[in-house]
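>>> based on what follows, work out the 3D shape:
(2 chains)
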Amino acid sequence: MEIFLAAAVVAGTPLLFATVGELITEKSGSLNLGVEGMMLMGACIGFVVGLSTGNPLLALGGAALAGAGGAFIFALITVTLRANQVVTGLTLTIFGAGFSRFVGQNMVGAVIPAELRMSFAKVNIPLLSDIPFLGPVFFRQDSFVYFGYVIVILSTIYLFKTRVGLNMRAVGENAAAADASGINVSLYKYVHIILGGAFCGLGGAYLSLVTVPIWQVDVVGGRGWIAVALVIFAAWNPIKALLAAFLFGGLSILGLRLQSMGVNVSQYLVDMIPYIATIVIVIVSTMRNRKEGLPPGDLGNAYFREER
Amino acid sequence: MNLLKITKRDDLPTSKAILIRGAAILLSLVCAGLVMLAFDLNPIKIYTEIINGSLGTEMRIKQTIIKAVPLVVTSLGILVAFKMKFWNIGGEGQIVMGAMAASFIALNFGELPKPLLLPFMAVAAMIAGGFWAFIPAYFKAKMGTNETIFTLMMNYIAIKFVTYLQYGPWKDPAAKGFPKIAQFSDNAVIPSMFGLHTGWIIALVLVVLVYIFINHTKKGYEITVVGESIETARYAGMNIKVIIITAMFISGGLCGMTGMIQASAIERTLTFGISMGYGFTAIITTWLARLKPVAVLFVCFLFAMLIQGGAYLQIAMNVPESVASIVQGSVLFFVLGSDFFIQYKVSIRAWSKKIVTDDKGVA
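Okay, here's the model as predicted:
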C-alpha cells in the first residue's frame, strides 16, 4: 500500500506543478487552456537541455523558460490584444504539440544520461522519512517532488498572506475595481500568466526527465487537461491541489497495479477512470453551491479600461 | 502617461479588414520561417515544397481533397456549437464514437446492399456522435457545468473505449493475434469517382445544409441569439436548454459523420486513432473562417494543403511533418492577434489638448 501511494505521489507530481501553475494563472483572471502545450514545450526543452548539458538546474531552467515563453505568447494575445482566451489557449496547445514534435524529431528514443538521472534519485528526508506511513509515502521521494511541496507552500502564502497576492486576486475577481484602486492590471496578468506557464513547463519536464527519462512523442498525454480540471476540483486552493494531484496520480497508475495483482480487468477500461473522475468532479463542483470554491469573478474576461 | 491611444472602431470597410488579416497571415509565415531558419531549414524551399506536395500533381490534389473532407465536415459540426459559444472541443471523441457506430453496423450487417447499408451506417454514426455531445450538453443545460473540460474528457473516454474494443471484444480472430478489427465488406465502403472517394460530395452538401440551417431557419437563428446573449434569448422567451441540447446533438452528429466517412472510405475498418487530430484542427479552421460555413470550405482546403504538404515534406525532404503544425499555430496566433487591429484603432496620443477632444468626437 505504501509503495502504491509513493508511486501515486510520483505520478501526481507533474499534475501538481501544472495544476498550481494554472491555478495562479486563473487567480489573476486568465483561463489559459494551453497547459498541455506549455507542458509539452517544457518537457521537450528540459529534455534537450538535460541531454546536451547534463546539468539538472539548467534543464529545469530551460523547461521553466519554455513554459513561460508559451505563456508569454498567450499573455500578449489575450491581455494586450484582447483575443478570446479559450481559442488562444487551444492554439497554444496545438502549437506546443507541434513545437515539441519538431524540436524532438531527432531525439526519439534518446535517454537522459545516468549522471543527470542520479540528481533526481530518491532522497530520504531525515526525521520526516521515519514517520510511520506518511514518511515512506511523502518523504522518501526525489528532490523534484520536494520542490513541488515547496511551491505549494510558497504559493499558498503568496496568494493568501501577502499584499501582492491580495492585489493579484483582486485583479482576478474584478479587474475594473482593481484598476480603480491603482493596481496595474496588465502587469499583474502578464506576470502571473508567465509564472503559471513556467510551472506548467516544469511539470512537463518532470515527465521527460524523471518519470520516463527517454524522449517519446506526446509524453504529456493529456495530463495538461486533467490539470485544468483539477484546478476546479481543488477550488483554486494550492493545498487542495496537492491532494487532488496525488489522488489523480494514484488513479492513473491503478490499471497497471491491478493487473500486476492479477485482477482480470482490461487496462484500457481502467485507464478511463481518471477522465471519468474528472467529469464527475466537474459536475460535483458545479452542484455544490458554496461561496468558497467559486472561480474568480473575472475569469476569462478580457479587461479594457476604455470600455468600462 | 500612455503614449498609445486605443479607440473602438465602429465599422471597418471589408477591404481593409481583409488587408489587415492578409498582413497577419504574411507575418505569421515570416515568423514560422524564422523558426525554420533557426533549425537550418530553408523556409522558402519548405513553403514551395508544401505547395508542390499538395497541388503539384493530380494525385496530390486528390490527396489534399481527401484530407480536406473530414476537416470540412468536422468544422461544420464545431461551427454549430461555437455559434452558441459552446466550446465543443470534444470533436475527436465524437468522431471516434461515430466511427465506432458505423463500424458496428458495417461489421454486423455487411451483407446488406450498398444503398441501404451506407445510409444506415451514416445515421448510426450521427446518432452516436450526437449522443457523445449530448451528454456534456445535458449537464451544461441543466446545471451549467464547464463544457470545455467535459467535452475534452469525453475524447479520452471514447478513444480508450475503442482501444478496449480493438484489443478486446472486437479483435479480428483472423488477424492471428494482431490487435486489429476486421475489414469492412465492399458494401460498406463509400464508392469512388474519378479515383476519389465521394466524401467530398457529402462535405459540399453539408456546407450548403449548415449554411441554410444557420442563416435561414428558426433553430439556427435561436442558436445565434443564445451565442450572442443568453439574456436576450431568455427575454425573448426561447427555451435555452432545448436549444443547447439540440445544437450540440447536431454538432456531435456532424463530427460523427466524419467518423463514418473516415472509417468507411479511408481505413475500411475501425482504429482508435481514426480521428487523427481533426477534432482539434477543426477548432482552428472554424475560428479562422469566422464561423461562416462557406469560408470553412476555403480555410479547410488551405489547412488540408498544410497537412498534405507536411506529409510530403516528411517523405520527399525528410523534414518532419510537424513543421506544418508550427505553421498552423503561428498563423492562428497572428490572426487572433490581428482581430484587435480590426476592432480597435491604435494611434499615437496627440500632445495638443485640442486634437485630443477632436479625436474623442470622432470616436
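>>> so which elements touch the helix or strand containing residue A:70?
Assigned by DSSP states H and E, residue A:70 belongs to helix A:56-75. The elements that helix A:56-75 packs onto, with contact taken as 3 or more Cβ pairs under 8 Å, 6 or more residues apart in numbering or on different chains; DSSP states H and E, are helix A:35-53, helix A:85-103, helix A:114-119, helix A:185-206. The way it works is simple: take the backbone N, C-alpha and C, and place the C-beta from them, glycine included.
>>> highest average neighbour count across those?
helix A:35-53 (a mean of 29; mean count of other Cβ atoms under 10 Å in any protein chain shown).
>>> related to what we said a few turns ago, chain B: which of the helices and strands packed on helix A:56-75 is closest?
Proximity to chain B (Cβ to the nearest Cβ) singles out helix A:85-103 among the helices and strands packed on helix A:56-75, at 2.8 Å.
>>> could you say what helices and strands that closest one packs with?
In terms of contacts (3+ Cβ pairs under 8 Å, 6+ apart), helix A:85-103 is packed against helix A:35-53, helix A:56-75, helix B:278-288, helix B:322-343.
>>> out of the ones you listed, flag the one nearest residue B:252.
helix B:278-288 (10.7 Å; Cβ to Cβ).
>>> ok, residues contacting that closest one?
A:87, A:90-91, A:93-94, B:70-71, B:74-75, B:77-79, B:82, B:89-95, B:155, B:255, B:258, B:295-296, B:299-300, B:303, B:307, B:328, B:331-332, B:335-336 (Cβ atoms under 8 Å, 6 or more residues apart in numbering or on different chains).
>>> list buried residues within those.
Listed as buried from the contacts of helix B:278-288 are A:87, A:90-91, A:93-94, B:70-71, B:74-75, B:77-79, B:82, B:89-95, B:155, B:255, B:258, B:295-296, B:299-300, B:303, B:307, B:328, B:331-332, B:335-336; burial here means 16 or more other Cβ atoms under 10 Å in any protein chain shown.
>>> narrow those to those in helices?
A:87, A:90-91, A:93-94, B:70-71, B:74-75, B:77-79, B:82, B:91-95, B:155, B:255, B:258, B:295-296, B:299-300, B:303, B:307, B:328, B:331-332, B:335-336 (DSSP state H).
>>> what sits against residue 232?
Here I'm looking at chain A. Listed by Cβ under 8 Å, 6+ apart, the contact set of residue A:232 reads A:281, A:282, A:285, A:295, B:146, B:149.
>>> nope, chain B
Counted by Cβ under 8 Å, 6+ apart, residue B:232 has contacts residue B:225.
>>> dump the one helix or strand it maps to to PDB, restricted to CA.
Assessed by DSSP H and E, residue B:232 sits inside helix B:230-235. The C-alpha trace of helix B:230-235 is given here as PDB (Å, rounded to 0.1, in the frame of the first residue of the first chain):
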ATOM      1  CA  ILE B 230     -28.300  34.300 -23.200                       C
ATOM      2  CA  GLU B 231     -30.100  37.200 -21.500                       C
ATOM      3  CA  THR B 232     -31.700  38.300 -24.800                       C
ATOM      4  CA  ALA B 233     -32.600  34.700 -25.600                       C
ATOM      5  CA  ARG B 234     -34.300  34.300 -22.300                       C
ATOM      6  CA  TYR B 235     -36.100  37.600 -22.600                       C
END
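>>> show me how far that helix is from its chain's centre.
28 Å (Cα atoms, centre = their mean, to the nearest Å).
>>> and it, which residues are buried?
B:230, B:233.
>>> mean confidence for it?
Averaging the model's pLDDT scores along helix B:230-235 yields 85.
>>> give the contact list for the closest residue to chain A within the stretch 51-200 of chain B.
For the stretch 51-200 of chain B, the residue positioned closest to chain A under Cβ to the nearest Cβ is residue B:164, at a distance of 3.8 Å. Taking Cβ under 8 Å, 6+ apart as the criterion, residue B:164 is in contact with A:266, A:268, A:269.
>>> got a list of contacts for the helix or strand hosting the last one?
For residue A:269, the host element (DSSP H and E) is helix A:267-270. The contact list for helix A:267-270 (Cβ under 8 Å, 6+ apart) reads A:254, A:255, A:256, A:258, A:259, B:160, B:161, B:163, B:164, B:167, B:168.
>>> turn the buried ones among the residues you listed into a named PyMOL selection, would you?
Typed into PyMOL, the line below selects the buried ones among the contacts of helix A:267-270, using 16+ other Cβ under 10 Å:
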select buried, (chain A and resi 254+255) or (chain B and resi 160+161+163+164+167)
